[in-house]
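K.L.:
compute the structure for the input listed below.
(chains A and B)
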Amino acid sequence: MKAFDYARAADLPDAVGSDAKLIAGGTNLLDLMKLEVETPDALLDINRIGLDLIEPEGDGLRVGALVTNSDCAADARVRKDWPLLSKAILAGASPQLRNKATTGGNLCQRTRCGYFMDNQSPCNKREPGTGCAAQGGFNRIHAILGTSDACIATYPGDMAVALSALDAQVVIAGRSDSRTVRVRDFHVLPGDAPQHENVLQPGEVITGVTLPAPVEGVQIYRKVRDRASYAFALMSVAAVIRMDQGRIAHAQLAFGSLAHKPWHDPRIEELLKGETPTPALFDKAADLLLEDAKGYGANDFKIPLARRTLAAVLAEATGV
Amino acid sequence: MAHTPAARIAVNGTYHDYNGDPRRSLLDFLRLELGMTGTKKGCDHGQCGACTVHVNGRRVNSCLSLAVMHDGDEITTIEGIGMPDKLSALQKAFVEHDGYQCGYCTPGQICSAAAMIEELKADWPSALTEGVASNPVPSDDELRERMSGNLCRCGAYDNIIAAIKDAMGKEVAS
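P.N.:
Predicted structure coming up:
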């Protein structure tokens, strides 16, 4: 690990505008620092600045940036009214990691692309301009949607996929004021600058996530992975589906580990709305999702996998 | 380099001051600075759970945390859970059920299991269940899910689960 200066922030103003790398749970950052993929000159420890409460906000809930994944998943309000979020969090990592990992940090976690993490292969994300070893390499876990010539890495997390389906907002404090960004707009596609993974600007700090008013309906988080527990998703589906008299009255869907960001396509939700659920309808939904899907060899299987997983989730949610 | 703030860390009830290199992980602090080698270094990347300790009562991977970040925290290691002359119920159950082969993952397994039992009492959900308040000794699958952050390369999982269930059952009975 490269040497760095360490300091503790006393409060939020200490952290906002800082040039240092912020550290909270550190479960991803310290791992990458050991690999020297991340080499910050300075770390600012923000664990003592508050932001660790879950509080009502309007008809919704505000989850502080430093609320641990464990506490968020165990919160009685989250479990009752936004069970999708609890389920997604519990589908990820291990109990030990969830006890450290935070809401804000989870949103900022980096990809698990092996070429990004090995610190020697060409990687435009780690070292812009060097190329992408994943294309033509071992790319079984990589993206099939929204990729670019520069990068085919995925956003690997589960929590943000649920937040995307729920249409939660990220609250961000900046030097002059604060702003909110939909989770759906927080992460960005790789384009020609895959080193940028989200819209956070230098000096900005995530202060929390707000969940909108609860949505009625069945909430399902389906994660497909190589092990039954403690493994990243090959793909995941987060779904909120409400039925009314045999028809789909409302649908919110997001997809994990298919792209550089949690994938949300409003056309799928529109397609399903008002329709009688049938396997043919589910297939049409998958057609939309996968319209521009592109496999890179070892991850070709994700295209039929996404189709089948979406159909399975819709069948479960609608009782077909 | 800027001045690094000191950390006063309580380990098994005894305070220790740390003023050293901020790169020192909590795991290396315990093993190399305090000589408490019960906590093991397996992968050093948060994947195996051998380094599991309790921080303020919660199980964490001590390899993925900096010692300097633990100012004011209370750490419990396997040495704090029980020593050979006074084993905890979980430790006795691991011995009785042969909950290991090489034993390297065992301190982490036991620290993890001890915290897991508290999580069950607090009715924390898991990926398998919404809550377990109604079931004081959960199913094998439930325990396996909740212990999935601890790998055993010898594959002693059956005996590890048997040991945990035995210790939990005795606690419920007493």
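
K.L.:
residues touching the closest residue to chain B within chain A, list them.
P.N.:
In chain A, no residue comes nearer to chain B than residue A:94, which is 2.7 Å away by C-beta to the nearest C-beta. Placement of C-beta: from N, CA and C, glycine included. With contacts taken as C-beta atoms under 8 Å, 6 or more residues apart in numbering or on different chains, residue A:94 has the following neighbours: A:230, B:49, B:148, B:149, B:150.

K.L.:
ok, which stretches of chain B are strands?
P.N.:
Secondary structure of chain B by DSSP state E: the strands cover B:7-11, B:14-18, B:52-55, B:58-61, B:74-76.

K.L.:
and for residue B:102, the neighbour number?
P.N.:
Neighbour count for residue B:102, taken as other C-beta atoms under 10 Å in any protein chain shown: 10.

K.L.:
show me the contacts for the residue nearest to the residue of chain A closest to chain B when sequence neighbours are not counted.
P.N.:
The shortest distance from residue A:94 to any residue other than its chain neighbours is 2.7 Å, reached at residue B:149 (C-beta to C-beta, 6 or more residues apart in numbering or on different chains). Residues near residue B:149 by C-beta under 8 Å, 6+ apart: A:93, A:94, A:95, A:96, A:97, A:230, B:49, B:52, B:59, B:61, B:112.

K.L.:
pLDDT wise, what is residue B:149 at?
P.N.:
Predicted confidence (pLDDT) for residue B:149: 98.

K.L.:
so for residue A:308, which of the strands of chain B sits nearest?
P.N.:
The minimum distance between residue A:308 and those falls on strand B:58-61, with 34.5 Å, by C-beta to C-beta.

K.L.:
quick one: residue A:280 is in a strand?
P.N.:
No: residue assignment for residue A:280, taken from DSSP: H, G, I helix; E, B strand; the rest coil, gives helix, which places it outside any strand.

K.L.:
where do the strands sit along chain A?
P.N.:
For chain A, the strands identified by DSSP E occupy A:5-8, A:21-23, A:42-45, A:54-57, A:60-64, A:169-173, A:178-182, A:205-211, A:218-224, A:235-244, A:247-256, in order along the chain.

K.L.:
who in chain A is up against chain B?
P.N.:
A:1, A:3-8, A:23, A:26-27, A:30-31, A:34, A:42-43, A:45, A:47, A:70, A:73-74, A:79, A:83, A:86-87, A:90-91, A:93-97, A:99-100, A:228-230 (C-beta under 8 Å from any C-beta of the partner chain).

K.L.:
list buried residues within those.
P.N.:
Buried residues within the residues of chain A next to chain B, defined by neighbour count using 16 or more other C-beta atoms under 10 Å in any protein chain shown: A:1, A:4, A:6-8, A:23, A:26-27, A:30-31, A:34, A:43, A:45, A:47, A:70, A:73-74, A:79, A:83, A:86-87, A:90-91, A:93-97, A:99-100, A:229-230.

K.L.:
list the contacts of residue B:115.
P.N.:
When contacts are counted by C-beta under 8 Å, 6+ apart, residue B:115 is found next to A:95, B:52, B:54, B:57, B:58, B:59.

K.L.:
got a list of what the residue minimising distance to the centre of chain B touches?
P.N.:
In chain B, the residue lying closest to the centroid (C-alpha atoms, centre = their mean) is residue B:111, at 2.5 Å. Contacts of residue B:111 were listed using C-beta under 8 Å, 6+ apart, and they are B:39, B:52, B:53, B:54, B:59, B:76, B:77, B:78, B:81.

K.L.:
number of residues surrounding the fifth one?
P.N.:
The one in question is residue B:59. 30.

K.L.:
if I read this right, it contacts residue B:116, doesn't it?
P.N.:
Yes: contact status for residue B:59 versus residue B:116: in contact at 7.2 Å, counting by C-beta atoms under 8 Å.

K.L.:
which residues are common contacts for those two?
P.N.:
Common contacts of residue B:59 and residue B:116, defined by C-beta under 8 Å, 6+ apart, comprise residue A:95.

K.L.:
okay, how far is it across stretch A:250-261, tip to tip?
P.N.:
The first and last residues of stretch A:250-261 sit 23 Å apart, counting by C-alpha to C-alpha, to the nearest Å.

K.L.:
let me redo that: stretch A:296-304
P.N.:
Here the two ends of stretch A:296-304 are set 14 Å apart, with distance taken as C-alpha to C-alpha.

K.L.:
one more: stretch A:128-146?
P.N.:
Criterion C-alpha to C-alpha; first-to-last residue distance in stretch A:128-146 is 19 Å.

K.L.:
quick check: the closest residue in space to residue B:142 that isn't next to it in sequence vs residue A:110, distance?
P.N.:
Sequence neighbours aside, residue B:128 is the residue nearest to residue B:142 in space, at 5.5 Å (criterion: C-beta to C-beta, 6+ apart). Applying C-beta to C-beta, to the nearest Å, one obtains 28 Å for the distance of residue B:128 from residue A:110.

K.L.:
and those two? which has more neighbours close in?
P.N.:
More neighbours sit around residue A:110 than around the other of residue B:128 and residue A:110, counting by other C-beta under 10 Å; the figures are 20 against 17.

K.L.:
what residues are up against the more buried one?
P.N.:
A:28, A:32, A:37, A:116, A:197 are the contacts of residue A:110 under C-beta under 8 Å, 6+ apart.

K.L.:
repeat for residue B:25
P.N.:
With contacts defined as C-beta under 8 Å, 6+ apart, residue B:25 is in contact with A:30, B:44, B:62, B:63, B:64, B:65, B:66, B:67.

K.L.:
show me which pair in the residues you listed is furthest apart.
P.N.:
With distance counted by C-beta to C-beta, no two of the contacts of residue B:25 lie farther apart than B:44 and B:67, which are 14.3 Å apart.

K.L.:
between these two, who's got more neighbours?
P.N.:
Neighbours were counted for residue B:44 and for residue B:67 using other C-beta under 10 Å; residue B:67 has more, 25 against 17.

K.L.:
not counting sequence-adjacent ones, nearest residue to that one?
P.N.:
Nearest-residue entry for residue B:67: residue B:29, 3.7 Å, with adjacent residues in sequence omitted and distances by C-beta to C-beta, 6+ apart.

K.L.:
contacting residues around stretch A:1-17?
P.N.:
Contact partners of stretch A:1-17, identified using C-beta under 8 Å, 6+ apart, comprise A:18, A:20-22, A:33-34, A:36, A:39-51, A:173-175, A:203-205, A:207, B:1-2, B:4-5, B:21-23, B:66, B:68, B:71.

K.L.:
quick one: distance of that stretch to the chain centre.
P.N.:
Counting by C-alpha atoms, centre = their mean, to the nearest Å, stretch A:1-17 is centred 25 Å from the centre of its parent chain.

K.L.:
roughly how far does residue A:309 sit from residue A:220?
P.N.:
11 Å.

K.L.:
how about residue A:296?
P.N.:
Here the criterion is C-beta to C-beta. By it, residue A:296 lies 28 Å from residue A:220.

K.L.:
ok, now residue A:29?
P.N.:
Separation of residue A:29 from residue A:220 (C-beta to C-beta) stands at 31 Å.

K.L.:
what of residue A:58?
P.N.:
Shown here: residue A:58 relative to residue A:220, a distance of 26 Å by C-beta to C-beta.

K.L.:
show me what residue A:205 is bridged to.
P.N.:
Bridge pairing for residue A:205 (DSSP bridges) gives the partners residue A:173.

K.L.:
nope, residue B:17 is what I meant
P.N.:
In this structure, residue B:17 has beta-bridge partners residue B:8, where bridges are defined by DSSP bridges.
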